[in-house]
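Asks: next comes the sequence, and after it the predicted model I'd like to discuss.
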Amino acid sequence: MKKYLYIILLILGICPGIIMAGGFQINEHGARAMGLGGAFTAIANDASSIYWNNAGMTQLSGTNFMLGTALIAPSAEFRGVSPEVNKNYMNSDVFFPTHFFVTHAINNSFSVGIGFTTPFGLGTEWSAGWVGRYLALKTQLTTYWIPVTAAYKIADNFSIGASFVYSFADVLITQNSSQSPFAGDAYVELEGNDYTAFGYTVGILYKPIDILSIGASFRSEISYDFEGTATTTGAPQLMEIGALPNGDITAALTTPMNIVGGIAVQVIPQLMLSADFQWIGWSSYDTLAVDFVDEAAEDVASPRLYKDTYIIRFGAQYKISDQVSLLGGVYYDQMPVEPQYVNPSLPDTDRLGLSIGAEAKFNEQFGISGSYLFIRGSQLTVSDSQEIYTTGNSPFNGTYNSSANLLSLSLNYYLQ
Amino acid sequence: MKKIFIYLCLLSLAFIVLTSCEDYSDVTSPSINFGSANFSRFVAIGNSLTMGEQSASVFAAGQNYSYGNIIAKQVGTTYAQAFFSDPGTGGRLEIAQFEIENGSPVPEIYENPNIGSPTNLLYPAPYNNLGIKGAFLYDVLNARNAATCYTANFGVPNPLFDAVLRGMGTQLELAIAQEPTLITLWIGNNDILAFATRGGLFPPTDPAVFQTEYTQVLSALHATGAQIIIGGLPNGLLTPYFTTVGPGIGLKLQTLPVPGLVYSTSAPGIAIATASQLINDSVLVTLSASSAAGLIGDQTGKYYTDNGIPVPPGVNTAYPFGLTPENPFPNNLVLDPTEKAAYNALRDGYNQIINILAAQFNYYVVNWDNLFTSLSTTGIEFNGVTFNANYISGNFFSLDGIHPTSQGYGIIANEFLKAINSKYGASIPMVDVSAIPSSLIFEGTIPMGKYGIPKIPNGILDNVLF
């Protein structure tokens, strides 16, 4: 075990720097699932099943607690603007989305649960004064989910589950805007939140034979109506005459539905293999629009035109002893955005995720799992960008590279 | 089985390490086809337009976008300049504030009282940018310092000759000393512009002298064997320096029961410019007159007391200023149809001299007439940014109304690049003007319509030169 930890630390030391999933979905909800490359829908046998596949809750007896966090350290680089190849680095920043799940088996066939996690979010920040400052400086979006869940075992090998999701979210977008024809840039800050959004998820889990498990999960779209304020600061002379937009704003955002199908096979008693196919309805995100409540102010809308996309996931779990298991996973995540709409606020690309992890049970009550995920974004060169970075209409063409390191740790506590 | 799994783990670890630490694939800029153009030693000779003046001052942030420096960056060659720290060589115009008049913002202009200092005096060779604000054609051949420059003959020694030439020789000598491979020569603007900005009161260079001097300059440069691109003389009367205040006065006079603006003429006497003559630019009033324009009708002599000018003989300030023969609008602020015609004839003559000489030596002359005409009529568009000849909102001219903005210099640089491409079979890409920062500076520190008459303090634009 020490040996593996050593290797993990070694990798962390060699390869600093990380990213999230395609679009702004976060798929890290439990260290064990992350260690399996997220191929967890047909397994779903810990408290994080509330997120992954709530039907899996019926596999758990007693009361189960899981508390954990992921450490997400993305990095991205932009070379451009074409024909120039100047390197611009995204500021390094670390995010700690926390997850907490509780399940309770009321009887052999009926379980309830509640959770807290952050299924969508992004955080990017580029240096002040950088060439793409009219497109993005700091962008932060976080959605929080509180799923309230029930699961029922219809037959010994067949369970269903459903969750009602209460969600809230906040968003912060900052960028510069030109004061053309006057010198200097104005600084625009848009912030908003929505404390009342709702969604639902359903799941099924079926075990036709002992060594085979099949799961499916559906997570609904959630629509947010952000309300907030736009603050633009610039030359006092322009602010005095109200030439810079300020005021209350609204913005709508719909996070995509997810449909996931998974399979898990107990190849030998020690080894379980799993695979997931996750379909994501990103086409819900077609425009990023900010509307000023004041009719006189000009509304802002930029097309995003996301398309539906998918992730393919594979995982392996090897049980070294009753106490210790090793985890490994790999996934491929297809980008949801057309290259011409890629914006530095979210340097999206096709991504490959590689994960390793370990799980240990110290006693009947207490266990811990940890995993490491490296995500490599494929190099993306944009040559027909629709994103404008000047006072005119010059396209933000160039080459993006991105990667991310993620570390996740979950504590599990079991009460009979 | 356990071993196999461990090996698999190690293999995937190795894969992670390799992929994550691998260098990204190289990205390179496309190479530029220079044709036969040779930028290895690029020198520019000229006046303030070459030096990179904006808003009546030469300062580093503006000099970075002198047309020569824009060209040099685009082609990747060195281009040393005589930089000045903020706010530059003095008298920089900035925007103090806006006042809302009739629903549209009117800028109030502030003259920065501070003067910066030269920051590149120790550069060990002549500057590539030999443009000197205020240089006449005479100066290229003769000026070695402030005391020997053309305007010194009129009692105005120009210290910028000291700052740029640094006692090493004339503009021409310093150009030749660099063994230039490519020269831009854009001189002669002031020889005619000074006449116009002073309402016809400054003597223009005699065309015969102009021809002699231009021949000397071009012959000497020809002897270097360098490629030479010549800038012709644009029509300065199309700049907002001449087209902003007159129409504003015209609109105001339309509402008054008066025949028009009564002004004194260069030949002693008075004349009347009707409102429509002022609106359609047949009588031009300089931007320098913007404060005087606000005093039309004044019966206290405020124009003369504000400027510390003695009241001219025969003028009775008890009569309404600019509306009566007894108290006419000053001659030096007005370019009337006779003076306009004189300007146009002189400019045509100079340009003809330049074109004939250039043809003899087989050099390309950049003709600015299309650009300036487009700016003053339809406007032009580059990469989504629109430009026209309106003061401030037009985006092309800086706050002095006559020198370009940084983006305006980008357009000028592109005209030179087009000339080089055409003459020397090159295909140097145009500069993305929209990526050049906007450059009208605020005092101390979004889309708008055409402005009214800007409020410019008395006197600050009286001595505008290229």
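Replies: The structure has been received and is ready for your questions.

Asks: let me have stretch A:170-177 in PDB, keeping just the CA atoms, if that works.
Replies: Output of stretch A:170-177 as PDB, limited to C-alpha atoms (Å, rounded to 0.1, in the frame of the first residue of the first chain):
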ATOM      1  CA  ASP A 170     -24.300  31.500  -8.100                       C
ATOM      2  CA  VAL A 171     -22.300  33.000 -10.900                       C
ATOM      3  CA  LEU A 172     -19.700  35.600 -11.300                       C
ATOM      4  CA  ILE A 173     -18.400  36.800 -14.700                       C
ATOM      5  CA  THR A 174     -15.800  39.500 -15.000                       C
ATOM      6  CA  GLN A 175     -14.200  40.900 -18.100                       C
ATOM      7  CA  ASN A 176     -13.000  44.100 -19.600                       C
ATOM      8  CA  SER A 177     -14.700  46.100 -22.200                       C
END
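
Asks: so how far is that stretch off the chain centroid?
Replies: Distance of stretch A:170-177 from the chain centroid (Cα atoms, centre = their mean, to the nearest Å) equals 19 Å.

Asks: for the record, mean pLDDT for it?
Replies: Taken as a whole, stretch A:170-177 carries a mean pLDDT of 92.

Asks: got it, and stretch B:294-301?
Replies: The average pLDDT for stretch B:294-301 rounds to 94.

Asks: what's in contact with it?
Replies: B:249, B:252-253, B:256, B:261, B:302-303, B:311, B:317-323, B:327, B:329, B:453, B:455 (Cβ atoms under 8 Å, 6 or more residues apart in numbering or on different chains). For every residue, glycine as well, the C-beta is placed using N, CA and C.

Asks: buried set for it?
Replies: By 16 or more other Cβ atoms under 10 Å in any protein chain shown, the buried positions in stretch B:294-301 come out as B:294-298, B:301.

Asks: now, the contacts of stretch B:294-301 that are in strands?
Replies: Of these, the ones assigned to strands by DSSP state E are residue B:261.

Asks: of the contacts of stretch B:294-301, buried ones?
Replies: B:249, B:252-253, B:261, B:302-303, B:317, B:319-323, B:327, B:329, B:453, B:455.

Asks: just flag the most distant two among these.
Replies: Farthest apart among the buried ones among the contacts of stretch B:294-301 by Cβ to Cβ are B:319 and B:455. That separation is 24.5 Å.

Asks: quick one, what contacts residue A:82?
Replies: Going by Cβ under 8 Å, 6+ apart, the list of residues near residue A:82 reads A:383, A:397-398.

Asks: hang on, the earlier thing: include distance to residue A:182 and secondary structure when you put the buried residues of stretch B:294-301 into a markdown table, please.
Replies: What follows is the buried residues of stretch B:294-301, written out as a markdown table (distance: Cβ to Cβ, whole Å; DSSP: H, G, I helix; E, B strand; the rest coil):
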| residue | distance to residue A:182 | secondary structure |
| --- | --- | --- |
| B:294 | 23 | coil |
| B:295 | 28 | coil |
| B:296 | 29 | coil |
| B:297 | 32 | coil |
| B:298 | 32 | coil |
| B:301 | 36 | coil |
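
Asks: what is the nearest of those to chain A?
Replies: Closest approach to chain A among those (Cβ to the nearest Cβ): residue B:294, at 20.0 Å.

Asks: roughly how far apart are the closest one and residue B:108?
Replies: For residue B:294, the distance to residue B:108 (Cβ to Cβ, to the nearest Å) stands at 11 Å.

Asks: tell me where chain B has strands.
Replies: B:42-46, B:93-101, B:104-111, B:129-131, B:182-186, B:227-231, B:261-264, B:270-273, B:284-285, B:334-335, B:364-366, B:380-382, B:385-387.

Asks: now for those strands, which one comes closest to residue B:217?
Replies: Comparing the strands of chain B by Cβ to Cβ, strand B:182-186 comes nearest, at 7.1 Å.

Asks: could you pull up the mean pLDDT of that closest one?
Replies: Strand B:182-186 carries an average pLDDT of 98.

Asks: ok, that strand: who's next to it in the sheet?
Replies: strand B:42-46 (parallel), strand B:227-231 (parallel) (DSSP bridges).

Asks: any chance of those strands in TSV, with mean pLDDT and mean neighbour count too?
Replies: Below are those laid out as TSV (pLDDT from 0 to 100; neighbours: other Cβ atoms under 10 Å in any protein chain shown):
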stretch	mean pLDDT	mean neighbour count
strand B:42-46	98	28
strand B:227-231	98	23
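
Asks: could those strands be laid out in a markdown table, adding distance to residue A:116?
Replies: A markdown table is the format used below for the strands paired with strand B:182-186 (distance: least, Cβ to Cβ, whole Å):
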| stretch | distance to residue A:116 |
| --- | --- |
| strand B:42-46 | 64 |
| strand B:227-231 | 69 |
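
Asks: quick one: closest of those strands to residue B:155.
Replies: With Cβ to Cβ as the yardstick, what comes closest out of the strands paired with strand B:182-186 is strand B:42-46 (23.9 Å).

Asks: re earlier: among the strands paired with strand B:182-186, which is nearest residue B:54?
Replies: Judged by Cβ to Cβ, the one of those that comes nearest to residue B:54 is strand B:42-46, at 14.9 Å.

Asks: tell me the contacts of residue B:397?
Replies: Residue B:397 sits next to B:239-241, B:389, B:391, B:403-405, B:408 when contact means Cβ under 8 Å, 6+ apart.

Asks: 10 Å - rerun?
Replies: A:181, B:54-55, B:238-241, B:244, B:287, B:375, B:387-391, B:403-405, B:408, B:440 (Cβ atoms under 10 Å, 6 or more residues apart in numbering or on different chains).

Asks: so which residues on the stretch 201-350 of chain A come close to chain B?
Replies: A:232, A:234-238, A:240-245, A:267-268, A:270-271, A:298, A:316-320, A:326-330 (Cβ under 10 Å from any Cβ of the partner chain).

Asks: in helices only, show me those.
Replies: A:236-238, A:240 (DSSP state H).

Asks: need the contact list for the residue of the stretch 201-350 of chain B found nearest chain A.
Replies: Nearest residue of the stretch 201-350 of chain B to chain A (Cβ to the nearest Cβ) works out as residue B:240 at 12.2 Å. Applying Cβ under 10 Å, 6+ apart, we find residue B:240 in contact with B:287, B:375-376, B:388-394, B:396-402, B:451, B:454.

Asks: redo that, cut-off 8 Å
Replies: With Cβ under 8 Å, 6+ apart, residue B:240 has these contacts: B:287, B:389-392, B:394, B:397, B:401-402.

Asks: give the buried residues for the lengthiest helix in chain B.
Replies: Criterion DSSP H: the longest helix present in chain B is helix B:337-361. For helix B:337-361, the neighbour count (16+ other Cβ under 10 Å) marks B:339-340, B:342-343, B:346-347, B:349-351, B:353-354, B:357-358 as buried.

Asks: on that earlier part again, list buried residues within the residues of the stretch 201-350 of chain A next to chain B.
Replies: A:232, A:234-235, A:237-238, A:243-245, A:270-271, A:316-320, A:326-330.

Asks: leaving out chain neighbours, which residue sits closest to residue A:72?
Replies: The shortest distance from residue A:72 to any non-neighbouring residue, by Cβ to Cβ, 6 or more residues apart in numbering or on different chains, is to residue A:95 (4.4 Å).

Asks: that neighbour against residue A:124, yeah?
Replies: No. Residue A:95 is not in contact with residue A:124 according to Cβ atoms under 8 Å; the separation is 10.4 Å.

Asks: run the chain-centre distance for stretch A:258-275.
Replies: How far stretch A:258-275 lies from its chain's middle: 22 Å, per Cα atoms, centre = their mean.

Asks: ok, and what's touching that stretch?
Replies: Residues outside stretch A:258-275 that contact it (Cβ under 8 Å, 6+ apart) are A:25, A:36, A:39-43, A:53, A:210-219, A:276-281, A:312-320, B:1-2, B:5.
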